[in-house]
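Asker: Here you go, sequence then predicted model.
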Amino acid sequence: MPFEKLKTRKQKVCIEDLVTNIPEALFRDISKTLTKQIDWENFTDKYARTADVLKLVGMGVFVAASVIMPNLPLALKPFLNNQRKKEYEIWKRFNIPNLKRTLRRLESQKLVEISEESGIQTIKITGAGQRKILKFAIDELAVEKPKFWDGKWTLVSYDIPTNFKTIRRILQEYLKAWGFYPLHESVYLHAYPCEKQVEFLRAYLGVVEYVRIFSISKIENDKLFKEFFGV
């Protein structure tokens with residue numbers, strides 16, 4: 001019966017469900033890049049958006065802990081380097097009671113861990129929190145049209161094993177979302193610079209060895225593609 005089929009259907013796996021092996025240093029860099037995208041110039045209400053707080057926690061535990069313990073930064077501020085001072089100033093923009101509620105909510109969602117070490121309360125990002133941040137990173141990556149086209153095309157070709165079917169589907173979804181033109185089942189074309197985006201995506205998905213990026217300067221009968229990309 002149709003109902004029984006629906007009942008036994010497997011749940012769709014999303015990108016944030018994947019287990020990744022992104023190096024810690026790269027993860028911190030990604031978090032810092034994302035926090036730079038927060039519109040601090042127009043940040044006036046001081047109420048913490050959950051996504052922004054999670055990105056900030058991903059940068060490290062010290063400043064987050066100092067927010068929970070207001071007396072800590074006052075005592076240690078003279079010892080902070082310029083980067084830490086900058087991060088502390090960012091945290092100070094938030095309404096502290098609201099920030100605490102947001103952090104507790106993140107803890108209940110198992111995206112951060114709030115614990116005590118040597119009498120000091122610390123906040124750490126969890127594996128699930130890291131995956132969430134990396135999902136933000138991929139979703140917020142965009143392929144932008146340059147002011148002037150350099151005449152070069154980016155070709156992405158992949159040969160992903162059949163047992164990585166979910167990974168292949170996710171890769172295809174992002175290539176399409178970024179505006180790639182599907183030349184063939186496993187070959188996609190773009191006119192705008194997008195090498196870094198594809199490099200990050202394939203590294204995140206763990207399929208670097210199966211995905212190749214080509215930069216080409218000439219395509220036969222390219223009128224259709226030029227019209228598609230408006231170049």
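Answerer: Now that the structure is in, tell me what you want to look at.
Asker: so where's this protein uncertain?
Answerer: For the chain, applying pLDDT under 70 flags the ranges 1-48, 60-92, 117-121.
Asker: Now do the strands in it.
Answerer: 112-117, 120-125, 153-158, 181-184, 187-190, 211-216 (DSSP state E).
Asker: Now render the ones you listed as CSV, adding mean neighbour count.
Answerer: All C-beta atoms are positioned from the backbone trio N, CA, C, and that covers glycine. What follows is those, written out as CSV (neighbours: other CB atoms under 10 Å):
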stretch, mean neighbour count
strand 112-117, 15
strand 120-125, 18
strand 153-158, 20
strand 181-184, 12
strand 187-190, 20
strand 211-216, 14
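Asker: any chance of those strands in TSV, plus distance to V143?
Answerer: Formatted as TSV, the strands of the chain follow (distance: least, CB to CB, whole Å):
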stretch	distance to V143
strand 112-117	31
strand 120-125	28
strand 153-158	9
strand 181-184	12
strand 187-190	6
strand 211-216	13
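Asker: Contact partners for S215?
Answerer: The neighbours of S215, taking CB atoms under 8 Å, 6 or more residues apart in numbering as the test, are K152, W153, T154, L155, E195.
Asker: And it, how far from K152?
Answerer: As judged by CB to CB, to the nearest Å, S215 and K152 stand 6 Å apart.
Asker: Ok, L141 next?
Answerer: From L141 over to K152 (counting by CB to CB), the distance is 20 Å.
Asker: Who has more neighbours out of the two?
Answerer: Regarding L141 and K152, a neighbour count based on other CB atoms under 10 Å identifies L141 as having more, with 17 against 12.
Asker: how near is the closest residue to the more buried one other than its chain neighbours to A142?
Answerer: Spatial nearest neighbour of L141, excluding adjacent residues (CB to CB, 6 or more residues apart in numbering): Q197 at 4.9 Å. In this structure, Q197 and A142 are 8 Å apart, going by CB to CB.
Asker: shared neighbours of these two, which are they?
Answerer: Common neighbours of Q197 and A142 (CB under 8 Å, 6+ apart) are W178.
Asker: just the helices in the chain please.
Answerer: 2-8, 24-36, 50-57, 62-68, 71-76, 82-92, 96-108, 127-140, 165-177, 195-205, 223-229 (DSSP state H).
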